[in-house]
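>>> predicted model follows, preceded by the sequence.
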Amino acid sequence: MILAVASGKGGTGKTTIAVSLALSLAGGEGPAPMVVDCDVEEPNAALFLRPEILEREEVGQLIPEIDAAKCNYCGECARVCQYNAIAVVAERVLVFPELCHGCGSCTLNCPQGAIREVLNVMGVMERGVASGIDFAQGRLNVGEPMAVPIIRALKRWVLPPRPPTSEKASTQDRVHILDAPPGNACPVVETMRGADFVLMVTEPTPFGLHDLRLAVDVARGELGLPVGVVINRDGIGDQGVEAFCKAEEIPILMRIPLDRRIAEAYSEGLPLIEVLPSWREKLRVLYGQILEIVEQRVQRKVGEGT
Amino acid sequence: MKQLVVLSGKGGTGKTTLAAAFAQIASQESAVVLADADVDAANLELVLAPEERERHEFWSGQVAVIDPALCSACGICKQVCRFEAILESQGPESSFMVDPLACEGCAACFYQCPQEAIRMEDQLAGLWFRSDTRFGPLFHAHLFAGQENSGKLVTLIKQQARLLALDRGADLLLVDGPPGIGCPVISASAGADMALHVVEPTISGVHDLERIMATTDHFGLPSLVIINKADLNLSRAQEITAYCRERKVPLVGEIPYDVDVTKAMVRGEPVTSNGRGPVTEAIRGAWSRIREGLFA
């Protein structure tokens, strides 16, 4: 089971929920849950989980390297590159790694076979354990522009291959909780892609609503994934998010009231359930509801023969 | 003309809230142009009551499309695609189609297809707008769901904002930046004279501040820091103060937590619109320090 925790709006409580949900499910029947921190630009889950890192791998993209002995400066590589990442000027080939998407097209199209691909390290992936759960994160190197290749590599590294739709998600499956970045751009799309469910953590304010709409467009509209909402800091703003969820038939699965104790604990790196242990059970119930929604969906698909 | 970009690393620290407030205060003294560089979650327009004057299409990138009539189902496209964007149907006869959400428009499949059965289609990726607000013109955008090239859209609206600012002899271009440290942030920072980092006194906030400041340092952009919801955790606030002192980065203000901030947002106004209160006072004080640093 792959559960993405997203929001649209930043700072609504994605990491808070992802971490405490995983900790609440730990020690139950079945394999240990895994938190996968996909916010590779600013990964924070480790601050709360304090994992022991057991494995580390540098990660990046394959970029072209030109063999000057074979190159005849025909310019075909530059012609096929869609990103202006390779340029042929006079008798030099220039590669711009920050523009390269690692697609390999230049390498495939070089008539002289003068290009080979080398790894351009852009970040790091780490895997470990913490408090009865498994953990993985990606971290983009400062100054690198592209988060998506790190997120893609991280998911390939830790997630199992997708089972066929006919298999039911069950309590025996390991749950992977993907902590998504804020926003609605390609790093968020890459995180959500292939998930079974997207849990949107939002705040009941105009900013929260505005960005939630966009996030739902991505998750449900573009990716066709089921969504549910957690309203965090309930009571602070207005009824816009409630009205939206009702109109769009999006289940509101949990409400966390505005509580300074939660904010203070958060500020010190304490998971929610450590300061309010009664939330363990509430989060387990939340997960049960998500599981039910996902299972019903799978059954419908099997019934439809898709 | 000076350009200030408001950043944070961490999401939800108060960039837009403070940018709107600074827009109000700054516009009382001089001509300001505003740009919302958070193109996939543009919130500045929600508190500035903009009146749209122009809207434009943003075309960026391409997506591959396979013509089933020409496709021989050889599968070469799937072999060369690095983005898992070619789907093979499960059925008695193989057929291939492109997942437009996964496709990055690299055209590797286009160039390798032996049947020339693939074409590349330009993508309408979003819209951008020039609007008028009480405080100055606002350039903002809406990136369509699932589209890439947010960095390019940021660059575009900033270019437009800068041109107008120069044209009108504005003193300040104020850019509300996105969270993170990647390409949208890098694009939002390009050409800025100074970055203002908005940080909350939390362990996550401090961690993320270090990374965003390392990023702006990497690009040679001078920094200022402001602490929002400063009274949430006094010892973390002190940690940030010490960090700024060590790095010789001016700490321009500490804004207290106040429910009035959310109330103003619900009213669709900057928090400074009531003209008084501890938050407004703290923001005014911060702005005079920012102005000193920016126009020194």
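That came in fine, so what should we check first?
>>> interface residues of the stretch 151-296 of chain B facing chain A?
B:151, B:178-184, B:186, B:200-205, B:207-208, B:211-212, B:214-215, B:218-219, B:232-233, B:236, B:259, B:262, B:265-266, B:268 (C-beta under 8 Å from any C-beta of the partner chain). The way it works is simple: take the backbone N, C-alpha and C, and place the C-beta from them, glycine included.
>>> among those residues, which lie within strands?
Among those, none falls in strands (DSSP state E).
>>> so residue B:93: helix, strand or coil?
coil (DSSP: H, G, I helix; E, B strand; the rest coil).
>>> check residue A:256 too.
Per three-state DSSP, residue A:256 ends up strand.
>>> ok, now which ones touch the closest residue to it other than its chain neighbours?
Residue nearest to residue A:256 in three dimensions, not counting chain neighbours: residue A:232, with 4.8 Å by C-beta to C-beta, 6 or more residues apart in numbering or on different chains. When contacts are counted by C-beta atoms under 8 Å, 6 or more residues apart in numbering or on different chains, residue A:232 touches A:12-13, A:16-17, A:201-203, A:256.
>>> tell me who's in contact with residue B:168.
B:31, B:33.
>>> just checking, residue A:287 touches residue A:25?
Yes - look at residue A:287 against residue A:25 with C-beta atoms under 8 Å: they come within range, at 6.0 Å.
>>> shared neighbours, those two?
residue A:175.
>>> just the strands in the stretch 201-306 of chain A please.
In the stretch 201-306 of chain A, the segments counted as strands under DSSP state E, counting those that start in this stretch are A:227-234, A:252-257.
>>> tell me the gap between the first one and the middle of its chain.
I take that to be strand A:227-234. The chain centroid and the centroid of strand A:227-234 are separated by 18 Å under C-alpha atoms, centre = their mean, to the nearest Å.
>>> sheet partners, orientation included, of that strand?
As defined by DSSP bridges, the strand partners of strand A:227-234 come to strand A:197-202 (parallel), strand A:252-257 (parallel).
>>> wait, doesn't residue B:103 sit right on residue B:65?
No - in this structure residue B:103 lies outside contact range of residue B:65 using C-beta under 8 Å: 9.1 Å.
>>> neighbour count: these two, which is higher?
For residue B:103 versus residue B:65, neighbours defined as other C-beta atoms under 10 Å in any protein chain shown are more numerous around residue B:103 (24 against 15).
>>> just the element for residue A:189, please.
helix A:186-192 (DSSP states H and E).
>>> could you give the number of residues near residue A:67?
For residue A:67, using other C-beta under 10 Å, the count is 13.
>>> OK, contacts around it?
Contacts of residue A:67 (C-beta under 8 Å, 6+ apart): A:114-116.
>>> just the buried ones from these?
A:114-115 (16 or more other C-beta atoms under 10 Å in any protein chain shown).
>>> ok, the contacts of residue A:67 vs residue B:2, which is closest?
Ranked by distance to residue B:2 (C-beta to C-beta), the contacts of residue A:67 are led by residue A:115 at 44.2 Å.
>>> surely that closest one is in contact with residue A:63?
No - counting by C-beta under 8 Å, residue A:115 stays clear of residue A:63, with 9.9 Å between them.
>>> any stretches of chain A with poor pLDDT?
Within chain A, the ranges that satisfy pLDDT under 70 run A:163-172, A:305-306.
>>> can we see that at 90?
A:27-31, A:90-91, A:160-173, A:298-306 (pLDDT under 90).
>>> quick one: the helix ranked longest in it near chain B?
In chain A, taking DSSP state H as the definition, the longest helix is helix A:279-304. No - under the criterion of C-beta under 8 Å from any C-beta, chain B is not reached by helix A:279-304; the shortest gap measures 13.5 Å.
>>> and that helix, what does it pack against?
helix A:14-25, strand A:197-202, strand A:227-234, strand A:252-257, helix A:272-275 (3 or more C-beta pairs under 8 Å, 6 or more residues apart in numbering or on different chains; DSSP states H and E).
>>> residue B:125 is nearest to which of those?
Using C-beta to C-beta, the helices and strands packed on helix A:279-304 put strand A:197-202 closest to residue B:125, at 22.0 Å.
>>> ok so, going back, out of the strands paired with strand A:227-234, deepest packed?
For these, ranked by mean neighbour count under the definition mean count of other C-beta atoms under 10 Å in any protein chain shown, the leader is strand A:197-202 at a mean of 27.
>>> relative to helix A:14-25, how tilted is it?
Per axes from the mean of the first three to the mean of the last three C-alpha atoms, to 10 degrees, the angle that strand A:197-202 makes with helix A:14-25 is 130 degrees.
>>> what angle do strand A:197-202 and helix A:279-304 make?
Using the same axes, to 10 degrees: strand A:197-202 against helix A:279-304 is 140 degrees.
>>> okay, domains of chain B per the record?
B:2-49+B:134-295, B:62-124 (automatic domain parsing).
>>> so for stretch B:109-123, what's the average pLDDT?
Taken as a whole, stretch B:109-123 has a mean pLDDT of 97.
>>> contacts for it, please.
A:80, A:105, A:108-109, B:59-67, B:69-72, B:74, B:76-77, B:80-81, B:86, B:98, B:105, B:107, B:147.
>>> just how off-centre is it within its chain?
33 Å.
>>> okay, now it: how far is its last residue from its first?
17 Å (C-alpha to C-alpha, to the nearest Å).
>>> what residues are bridge-paired with residue B:254?
When assigned by DSSP bridges, residue B:254 has beta-bridge partners residue B:227.
>>> quick one: it from residue B:225, how far?
Look at residue B:254 and residue B:225: by C-beta to C-beta, to the nearest Å, they are 10 Å apart.
>>> and for residue A:207?
22 Å.
>>> the two: who's more crowded?
residue A:207 (26 against 22).
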